[in-house]
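# Here is my input; please provide its structure:
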Amino acid sequence: MARAGESAGRVYVAAGAHWWWAAARVDRPEWRAGAAAAHAARALRDRDAGAAPAIAGDPPDGVPPAGWRTGEASGLAAMARGPAPIAVAPPGQRCDCATPIAAGRDRIAAVYAVTPFEVGDERAAVRALTLRLRYRDGVVVWLNGVEVARRHVAADASPVAFASIRRGTEWETFTIPAAPGLLRAGTNWLAVEVRPGPGGEAVVFDAELAAGTAARIARGPIVQRVGRTSATIVVDTDLPAAVAVDYGPTPALGETAVSASGEAAVHHRIELADLPPSSLIYYRVRAGADTSPVVAFALAPGPDEPLRVALYGDARGGDVIHRALLDAMLAEAPDLVVSTGDLVYRGTDAGDWQRFFAIAGDLLARVPYYPAVGNHDLGASGDDDRRIGDLFALWPGPADRPPHGHWYAFDVAGVHFVMLDSNAYDAPEQVAWLERDLAAARTRGVRAIIVATHAGPFSRGAHLGDPIARDTYVPILAAYGVDLVVSGHDHLYQRGRAGGVAYVVTGGGGAPLYGVRCGPPTGRACPVDDGAERVVSAHHWILLTVYTRHMTLCARYADGAPVEPCVTYRLTAKPAASTSRPRRRR
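Prediction:
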């Protein structure tokens, strides 16, 4: 969300600045087949000497030019000069850049670029530098010859090796603490090395560098764990800083809570307690020189009041559609949002997450948001090091959950939400926990149980449902009378009932849509009886409203038009008796 205060100081390097640059060119692998075979033969012959074939190509002479990182004249003499963005276009495509690099018959293995900037008397006040990079696919950055950032390029990689992943061209922000001696009075040099990912052809980069004199809000605020009288505000700062939340039942605020993390942390979770039940809470965040705008969130309703839940999933980089859907949700003022996962395309790419939080920021500050983890949220091929819990303040998981697990559950307004981790369907700990959790929820007398997961049991999209979900999980869900199973993974809308459970697939959050693979009107039989009642390949979201004895499910396009008429479900169990006062809507 936009911030009221800005603490960024002087801009040292602006987007579109001029750079000296040079490209490392090697033969394309398909034109090196004969040479590669010869290299391999020699490697086998000389393996005792450690010989190995240079399949990616041999480093060319003179690139990068000697001394280029610090702007030595001899290095600059060997480089061209032009404005950013500097890029190599994919074969056969137009270069969306200011300075195109023609690859010809060569593969561009790396682009090296350097630009100067001037630092004056403000140097003593600079606490951090904010570096924004637009790059594909791996990058290393130096400031006055000191490495300050590295993404997807191994420290010991060959000078012409590929980056470790392929990524998009979204901007990524880095915070560089201004260590003593990093900046110099007078001329300084920013140097960038960019490489394509595995098998890639495209290289692109642009950069911005600015000085900061105080800590800034880097992510947030995000409202989480909203109950009837409590909530948690999550904020990340770019530098260690004290964080305070001013809050109250009116825009005048009046109360203040501070982060227990103190001034030594960049990740802050501020607990707000003893709030007036069923009311709006206004708040703002103060961190360093930043102050966020005053916004409001609604405390959770009572267990006999309607609960409005927004459901959607698979945004995965479809920014324009994702933003439109979030705007539509926010206009309806739901009590919470449940995502079926794949918030981003590649969970290992910090730029993807920064883009997600930039798009979703307004909603996240006003409505609690609870995701089930998708396969892309862990990285396109899975990455156990990525923890969604590090980004959100999700409800705690079970004590025996292994480090790679992301399942959890929580209650809001007498409704029990179970968030499964479809990446760990085969974990016996998740199965055992699910049975314990559902049994405890029924013992408490919850009025409804909603289960959310990424890869669901039934679908007519590309994945055709998950067999482990069908065979292992659905019988458990049916045995405990789960009222609705919500999933994504397939980028479409599907609603039906099978295996004793009602289900809906909501994977139309912005990612490219999937076609319908079976059933009418395809003429192909589905591999399982999924009891589908409606299947539409469309971007959409769902408003689920839970009442005391029934709930309604209304699927909508971004413009508010219905995907189909609203559907009513009778709840399995009668809720426990309770009382609550009327609440104000936002």
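# Can you tell me the centre-most residue of this structure?
W353 (3.3 Å; Cα atoms, centre = their mean).
# quick one: low-confidence parts of the stretch 351-500 of the chain?
Across the stretch 351-500 of the chain, the ranges flagged by pLDDT under 70 are 379-390, 393.
# go again using 50 as the cut-off
380-384 (pLDDT under 50).
# The residue nearest to the centre of the chain: what's it in contact with?
Contacts for W353 (Cβ atoms under 8 Å, 6 or more residues apart in numbering) come out as 344, 347, 391. For glycine as for every other residue, the C-beta is placed from the backbone atoms N, C-alpha and C.
# and the closest residue to the last one other than its chain neighbours, how far is that from R151?
This means L391. Leaving aside its sequence neighbours, L391 sits nearest to W353 (Cβ to Cβ, 6 or more residues apart in numbering; 6.8 Å). Relative to R151, W353 is positioned 13 Å away (Cβ to Cβ, to the nearest Å).
# before we move on, back to that, may I see the contacts of W353 arranged in JSON lines, with neighbour count, secondary structure and distance to G288 as well?
Putting the contacts of W353 into JSON lines (neighbours: other Cβ atoms under 10 Å; DSSP: H, G, I helix; E, B strand; the rest coil; distance: Cβ to Cβ, whole Å) gives the following:
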{"residue": "V344", "neighbour count": "25", "secondary structure": "coil", "distance to G288": "27"}
{"residue": "G347", "neighbour count": "25", "secondary structure": "coil", "distance to G288": "28"}
{"residue": "L391", "neighbour count": "20", "secondary structure": "coil", "distance to G288": "21"}
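# and the residues you listed as CSV, adding distance to F357?
Shown next, in CSV, are these (distance: Cβ to Cβ, whole Å):
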residue, distance to F357
V344, 10
G347, 13
L391, 8
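# Could you single out the nearest of those to R308?
Among the contacts of W353, L391 lies closest to R308 (Cβ to Cβ), at 24.4 Å.
# max-length helix in this structure?
helix 428-444 (DSSP state H).
# Dump that one to CSV, restricted to CA.
Taking Å, rounded to 0.1, in the frame of the first residue of the first chain, the C-alpha atoms of helix 428-444 are listed here in CSV:
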residue,chain,number,x,y,z
PRO,A,428,1.6,-39.4,7.6
GLU,A,429,1.8,-36.5,10.1
GLN,A,430,-0.6,-34.5,8.0
VAL,A,431,-3.1,-37.3,7.8
ALA,A,432,-3.0,-38.1,11.5
TRP,A,433,-3.3,-34.4,12.4
LEU,A,434,-6.3,-33.9,10.1
GLU,A,435,-8.3,-36.6,11.8
ARG,A,436,-7.4,-35.2,15.3
ASP,A,437,-8.2,-31.7,14.2
LEU,A,438,-11.6,-32.5,12.6
ALA,A,439,-12.6,-34.6,15.6
ALA,A,440,-11.8,-31.7,17.9
ALA,A,441,-13.7,-29.2,15.8
ARG,A,442,-16.8,-31.3,15.8
THR,A,443,-16.5,-31.7,19.6
ARG,A,444,-16.4,-27.9,19.9
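# Tell me the helix or strand right after that helix.
strand 448-455 (DSSP states H and E).
# in this structure, which helix or strand is least confident?
helix 33-45 (a mean of 42; mean pLDDT, DSSP states H and E).
# Buried residues in the very next helix or strand once past it, which are they?
On the C-terminal side of helix 33-45, the nearest following helix or strand under DSSP H and E is helix 73-76. Across helix 73-76, burial judged by 16 or more other Cβ atoms under 10 Å covers 75-76.
# and for helix 73-76, what are the contacting residues?
The contact list for helix 73-76 (Cβ under 8 Å, 6+ apart) reads 20, 64-68, 114.
# got it, and stretch 137-156?
Contacts for stretch 137-156 (Cβ under 8 Å, 6+ apart): 69-70, 129, 131, 133, 135, 161-167, 172, 174, 176, 182-184, 188-197, 200, 202-203, 205, 207, 350.
# Mind checking which of these are buried?
Neighbour-count burial (16+ other Cβ under 10 Å) applied to those gives 69, 129, 131, 133, 135, 161-167, 172, 174, 176, 182-183, 188-197, 200, 202-203, 205, 207, 350.
# Now do the contacts for the nearest residue to P402 once chain neighbours are set aside.
Excluding the flanking residues, the one nearest P402 by Cβ to Cβ, 6+ apart is E429, at 6.1 Å. Neighbouring residues of E429 by Cβ under 8 Å, 6+ apart: 398, 400-402, 405.
# Are any of those buried, and if so which?
Buried among the contacts of E429 (16+ other Cβ under 10 Å): 398, 401, 405.
# still on that earlier bit, keep only those of the buried ones among the contacts of stretch 137-156 that are in strands.
129, 131, 133, 135, 172, 174, 176, 188-195, 203, 205, 207 (DSSP state E).
# Just the terminal-to-terminal distance for stretch 150-159.
One end of stretch 150-159 sits 14 Å from the other (Cα to Cα, to the nearest Å).
# And for V148, the neighbour number?
20 (other Cβ atoms under 10 Å).
# same thing with D96?
D96 has 11 nearby residues by other Cβ under 10 Å.
# And V563, by the same measure?
Neighbour count for V563, taken as other Cβ under 10 Å: 20.
# Can you name the residues that contact it?
V563 touches 493, 534, 536, 538, 540, 555-557, counting by Cβ under 8 Å, 6+ apart.
# swap the cut-off to 10 Å and go again
When contacts are counted by Cβ atoms under 10 Å, 6 or more residues apart in numbering, V563 touches 493, 495, 506, 508, 534, 536, 538-542, 554-557.
# Same question for Q430.
Per Cβ under 10 Å, 6+ apart, neighbours of Q430: 397-398, 401-402, 405-407, 420-422, 424, 472-473.
# What is the burial count for R323?
The burial count for R323: 18, using other Cβ under 10 Å.
# can you tell me which residues contact it?
315, 358-360, 362-363, 510, 558.
# Check the secondary structure at it for me.
helix (DSSP: H, G, I helix; E, B strand; the rest coil).
# same question, the one 4 residues further on
Classification of D327 using three-state DSSP returns helix.
# related to what we said a few turns ago, make CSV from the buried ones among the contacts of E429 and add secondary structure and distance to I233 to it.
Formatted as CSV, those follow (DSSP: H, G, I helix; E, B strand; the rest coil; distance: Cβ to Cβ, whole Å):
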residue, secondary structure, distance to I233
P398, coil, 25
R401, coil, 25
G405, coil, 26
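# now the helices: where do they sit in the protein?
Under DSSP H, the chain gives helices at 33-45, 73-76, 319-331, 350-364, 428-444, 467-468, 474-479.
# and the angle for the third one with helix 350-364?
Spelled out, that is helix 319-331. Helix 319-331 runs at 20 degrees relative to helix 350-364, counting by axes from the mean of the first three to the mean of the last three Cα atoms, to 10 degrees.
# Report the mean confidence score over helix 319-331.
Averaged over helix 319-331, pLDDT sits at 95.
# Check the offset of it from the chain's centre.
Between the centre of helix 319-331 and the centre of its chain there are 16 Å (Cα atoms, centre = their mean, to the nearest Å).
# For it, list every residue counted as buried.
Residues of helix 319-331 classed as buried: 321-326, 328-330 (neighbour count, 16+ other Cβ under 10 Å).
# Of those, just say which sits nearest to R308.
The shortest approach to R308 among those belongs to M329, at 10.0 Å (Cβ to Cβ).
# check contacts around the closest one.
Shown in contact with M329 (Cβ under 10 Å, 6+ apart): 308, 310-312, 337, 363, 367, 369, 541-543, 556, 558.
# 7 Å - rerun?
Applying Cβ atoms under 7 Å, 6 or more residues apart in numbering to M329 gives the contacts 310, 337, 363, 541.
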